[in-house]
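Enquirer: kindly return the folded structure for what I paste below:
(one chain, ligands or ions: 1)
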Amino acid sequence: MNAATRVFEELNFEIKQDNIYYQTINNLLAAAERINAPHRLRLILAQPKNELIVHFPVRMDDGSFRLFKGYRVQHNNVLGPYKGGIRYDNSVHLDHIKALAAVMTIKCALVQLPLGGAKGGVQFDPRTLSAEELMRLTRRFTSALGNNIGPDIDMPAPDVGTNAQIMAWMADTYMNLDASRKLNGLGIVTGKPLHFGGSHGREKATGQGVVYVLEEMLPEYGIAMDKTTFSLIGFGNVGSWTGKLLQERGAVLRAVGDHTGFLYRAEGIDTVRLDEYVRRHGGVAGYPDADEISEEEFYKVQVDLFIPAALEQMIDRPKAELLNCRVVVEAANIPLQPEAENYLVEKGVGILPAVLCNAGGVTVSFFEWKQNRQAETWDLDVVDRQLKIMITRAARRVKEIARETGSDLRMAAYCAALQHIDRVYEIRGIFP
Ligand code: NAD
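Expert: You can find the predicted model right below:
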């Protein structure tokens with residue numbers, strides 16, 4: 001019987017082995033067993049503290065109305081206020097958001113941020129709405145979340161399908177809902193535009209964090225960053241910044257794919273030009289300076305690093321069998337299905353876990369929140385320096401635990417995070 005089944009049976013929860021939430025909690029509880037965490041910690045972390053579902057109407061440009069379903073899941077806040085992205089995507093559903101909220105708890109604890117884990121989203125395709133409709137939806141969703149969010153309670157951030165503009169609409173709505181929020185409401189969301197309380201370096205933060213992790217981890221695999229080749233699935237915020245920052249360090253992007261198509265060029269695809277193209281055309285398809293290839297050909301391309309930077313669980317076992325890489329760098333959250341991961345581990349492919357790789361985003365979000373609270377603006381070099389210190393420290397801790405316990409890096413990252421959470425529960429105790 002595995003770790004999650006034992007706890008789920010005790011709590012009388014339905015056990016669904018192929019469910020993303022069950023699988024995520026199973027990783028977490030397996031690590032709890034490994035560190036011999038107290039029983040109460042396993043019970044507390046097996047379910048989120050709060051699950052909020054809201055339905056709200058939005059007027060479309062043609063005068064009709066549509067009803068939308070939105071979620072905010074707050075997994076754990078023993079370390080501090082809840083923090084986590086807001087996603088606009090057709091695939092958004094409750095178990096999905098619950099899994100991502102739990103991952104945020106682990107990520108914040110791993111980097112030792114004074115923040116807890118949350119996630120939210122609205123189920124729709126943002127590409128099908130006009131800018132005005134997106135604004136009305138965002139404002140209505142923010143007001144529906146009501147007092148469940150706040151700069152000391154729960155602070156959303158950008159994720160798949162959302163961006164700095166959407167964060168600005170969220171902040172403006174929150175600040176207008178109550179006069180007392182005018183002065184101190186700015187920290188309600190992070191990832192805002194620079195002119196409206198945003199932080200230098202937030203847009204590139206997740207990609208920057210991936211690069212800092214690679215600086216620390218690649219030597220373990222005998223890979224030199226300036227000579228490395230990589231492929232990327234997903235060329236949005238995380239994928240494009242990871243690509244551009246790796247290219248600055250001499251790495252070569254051989255293949256890239258997104259929801260519109262797949263590209264290949266043996267000598268390398270220029271990530272800066274590709275980024276300009278994707279911003280204009282909405283996807284990589286049709287980019288002139290590379291060859292279009294099939295999805296199957298994309299996965300077969302030989303590279304040192306395969307970097308998933310799109311949606312969850314995109315890599316199933318058949319796709320994993322096609323991969324021809326030495327290390328999988330999880331820039332996206334939960335990109336591998338368990339059978340794909342087992343296969344890759346058996347094959348000897350290294351896996352750098354998402355809770356470490358993409359923790360740069362929430363770390364700079366924390367810096368933005370701190371700047372908002374102190375009415376300060378940090379220069380980019382200050383942000384980058386602090387980010388590097390925190391990410392490098394987390395990466396070293398993960399390596400150390402992996403060495404000490406003989407476990408893989410995912411298990412080691414979860415163990416490091418849980419040790420911290422456990423210590424805080426130990427000190428605080430359980431109320432009352
Ligand atoms: P984004 O919306 O900017 O980009 C998503 C990318 O995924 C796009 O290139 C899109 O084309 C691609 N994609 C979507 N569906 C696809 C499909 N079916 N096949 C191939 N590609 C597809 O999102 P993002 O912010 O870059 O987030 C990507 C991942 O990184 C997510 O797992 C997110 O949770 C995680 N993440 C993001 C941040 C952040 O700061 N934005 C921080 C930490 C983790």
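Enquirer: which helices and strands sit right next to the helix or strand Asn342 falls within?
Expert: Using DSSP states H and E, Asn342 maps to helix 338-347. If you count contacts as 3 or more C-beta pairs under 8 Å, 6 or more residues apart in numbering; DSSP states H and E, helix 338-347 packs onto helix 317-322, strand 350-352. For glycine as for every other residue, the C-beta is placed from the backbone atoms N, C-alpha and C.
Enquirer: which one of those is the most hemmed in?
Expert: Of those, the one with the most neighbours on average (mean count of other C-beta atoms under 10 Å) is strand 350-352, at a mean of 21.
Enquirer: and the contacts of stretch 344-357?
Expert: Residues outside stretch 344-357 that contact it (C-beta atoms under 8 Å, 6 or more residues apart in numbering): 103, 106-107, 110, 209-210, 213-214, 217, 220-221, 320, 323, 325-336, 341, 391, 394-395, 398, 408-410, 413-414, 417.
Enquirer: drop anything exposed from those.
Expert: Among these, the ones that count as buried by 16 or more other C-beta atoms under 10 Å are 103, 106-107, 110, 209-210, 213-214, 217, 320, 323, 325-336, 341, 391, 394-395, 398, 409-410, 413-414, 417.
Enquirer: got the residues of the protein near the ligand?
Expert: 158-161, 206, 233-239, 257-259, 283, 309-311, 331-333, 358, 361 (C-beta under 6 Å from any ligand atom).
Enquirer: so which of these are in strands?
Expert: Within the residues of the chain next to the ligand, residues falling in strands by DSSP state E are 158, 233, 257-258.
Enquirer: need the max-distance pair from those.
Expert: Greatest spacing in those, by C-beta to C-beta: Pro158 and Gly257 (21.8 Å).
Enquirer: and the strands in the stretch 51-200 of the chain?
Expert: In the stretch 51-200 of the chain, the strands defined using DSSP state E, counting those that start in this stretch lie at 65-76, 82-88, 116-122, 154-158.
Enquirer: in this structure, what residue lies closest to the ligand?
Expert: The chain approaches the ligand most closely through Gly236 (1.9 Å), counting by C-beta to the nearest ligand atom.
Enquirer: wait, doesn't that residue sit right on Pro158?
Expert: No: assessed by C-beta atoms under 8 Å, Gly236 is found out of contact with Pro158, at 10.1 Å.
Enquirer: neighbours around the residue nearest to Gly234 when sequence neighbours are not counted, how many?
Expert: Sequence neighbours aside, Ala310 is the residue nearest to Gly234 in space, at 3.1 Å (criterion: C-beta to C-beta, 6 or more residues apart in numbering). Neighbour count of Ala310, defined by other C-beta atoms under 10 Å: 20.
Enquirer: which residues touch Ala310?
Expert: 233-234, 236, 239, 258-259, 332, 335.
Enquirer: what's the pLDDT at it?
Expert: Per-residue pLDDT puts Ala310 at 97.
Enquirer: and if you look at Ser180?
Expert: 85.
Enquirer: just give the closest residue to Thr271, not the sequence neighbours.
Expert: Gly243 (3.9 Å).
Enquirer: same question, Glu220
Expert: Distance criterion C-beta to C-beta, 6+ apart; nearest residue to Glu220, sequence neighbours excluded, is Lys399 at 7.2 Å.
Enquirer: equivalent analysis for Asp379, please.
Expert: His200 (6.4 Å).
Enquirer: okay, now that neighbour: neighbour count?
Expert: His200 has 20 nearby residues by other C-beta under 10 Å.
Enquirer: which residues does stretch 248-255 contact?
Expert: Applying C-beta under 8 Å, 6+ apart, the external contacts of stretch 248-255 come out as 211, 225-232, 243, 246-247, 262-269, 271, 274, 293, 298, 301-303, 305.
Enquirer: go again using 6 Å as the cut-off
Expert: Applying C-beta atoms under 6 Å, 6 or more residues apart in numbering, the contact partners of stretch 248-255 are 225-226, 228-231, 243, 264, 268-269, 271, 298, 301, 303.
Enquirer: quick one, grab the pLDDT at the closest residue to Leu322 other than its chain neighbours.
Expert: Nearest residue to Leu322, sequence neighbours excluded (C-beta to C-beta, 6+ apart): Tyr299, at 3.8 Å. pLDDT, Tyr299: 98.
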